[in-house]
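Asker: Build me a model:
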Amino acid sequence: MMVNLMIVLMSAAFFVYTNAQDVKTDVLDIMQKHFDLSLDYLYTGVQYDSQYGERPGLAKKLRGMSDGQWEAGMAALNKYLEHGGTTEQAFVSKLHFKGGQTASLTKASKGQIYMDTLQTLAGDSQTMLDLYNNVYSRAILNDGDIAHYLEEKIEKEVEHSHELKGHITTLDAMKGVGAAVAAFDSNL
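Answerer: Numbers count the residues shown, from 1 in each chain. Predicted coordinates for the structure are as follows:
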């Protein structure tokens, strides 16, 4: 009887410990995604600011979003290290960032490229919300501090997502007007 009780207690302790480890590793996934998006937005912002894009409003917004993503990635890294994360293989494997430019300015309609970029940004925001919610569902059971950190991130990301969707709706309503993209961009 005592042996059975010990086995159950050891299994429960192992389950809680391994789930806590998974939550820390999930925070590294969040860090990596933030750094990837930061590079995407930086490169795409430079592309829109060039003579080929000529959209300084979106370029400025993308640079600001790049900085925000970089800061969020650093915050996730700090949270990982705060909770005893190590800089061993699991950490090193997350340092391969895949960011790059996301707009193809060779398309015929620059208005459609602009809309595609905004839709990509909204999709990225939804991907981050899904990632946050997925990690939050595990963190709430194992690590209250990480769960609280994720609650704050989810709130900010929801606001950002609504802002992007509003931009998409506004630009879509202006689509038929010839100078709409330039006017929209100057007010972004």
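
Asker: name the element Gly64 belongs to?
Answerer: Taking DSSP states H and E as the definition, Gly64 sits inside helix 56-82.

Asker: What of Asp185?
Answerer: Going by DSSP H and E, Asp185 is in helix 180-186.

Asker: For that helix, output the C-alpha coordinates as PDB.
Answerer: Extracted C-alpha coordinates of helix 180-186, given in PDB (Å, rounded to 0.1, in the frame of the first residue of the first chain):
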ATOM      1  CA  ALA A 180      -6.500  56.000 -51.700                       C
ATOM      2  CA  VAL A 181      -3.300  54.000 -50.800                       C
ATOM      3  CA  ALA A 182      -1.200  57.200 -50.700                       C
ATOM      4  CA  ALA A 183      -3.800  59.000 -48.600                       C
ATOM      5  CA  PHE A 184      -4.200  56.000 -46.300                       C
ATOM      6  CA  ASP A 185      -0.400  55.700 -45.900                       C
ATOM      7  CA  SER A 186       0.100  59.300 -45.100                       C
END
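
Asker: helices or strands up against that helix?
Answerer: Counting contacts by 3 or more CB pairs under 8 Å, 6 or more residues apart in numbering; DSSP states H and E, helix 180-186 is packed against helix 56-82, helix 110-142, helix 144-173. C-beta here means a position set from N, CA and C on the backbone, and glycine is covered the same way.

Asker: Tell me which of the ones you listed sits nearest to Lys94.
Answerer: helix 56-82 (9.2 Å; CB to CB).

Asker: Could you list every helix and strand that the helix holding Gly64 packs against?
Answerer: Packed next to helix 56-82, using 3+ CB pairs under 8 Å, 6+ apart, are helix 2-49, helix 110-142, helix 144-173, helix 180-186.

Asker: TSV for these, including mean neighbour count, mean pLDDT and distance to Asp67?
Answerer: Converted to TSV, the helices and strands packed on helix 56-82 look like this (neighbours: other CB atoms under 10 Å; pLDDT from 0 to 100; distance: least, CB to CB, whole Å):
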stretch	mean neighbour count	mean pLDDT	distance to Asp67
helix 2-49	17	70	8
helix 110-142	18	91	15
helix 144-173	16	94	14
helix 180-186	17	82	19
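
Asker: JSON lines for those helices, including distance to Gln69?
Answerer: Shown next, in JSON lines, are those (distance: least, CB to CB, whole Å):
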{"stretch": "helix 2-49", "distance to Gln69": "4"}
{"stretch": "helix 110-142", "distance to Gln69": "9"}
{"stretch": "helix 144-173", "distance to Gln69": "11"}
{"stretch": "helix 180-186", "distance to Gln69": "21"}
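
Asker: Of all those helices, which one is nearest Tyr80?
Answerer: Closest to Tyr80 of the helices and strands packed on helix 56-82, according to CB to CB: helix 2-49, at 4.6 Å.
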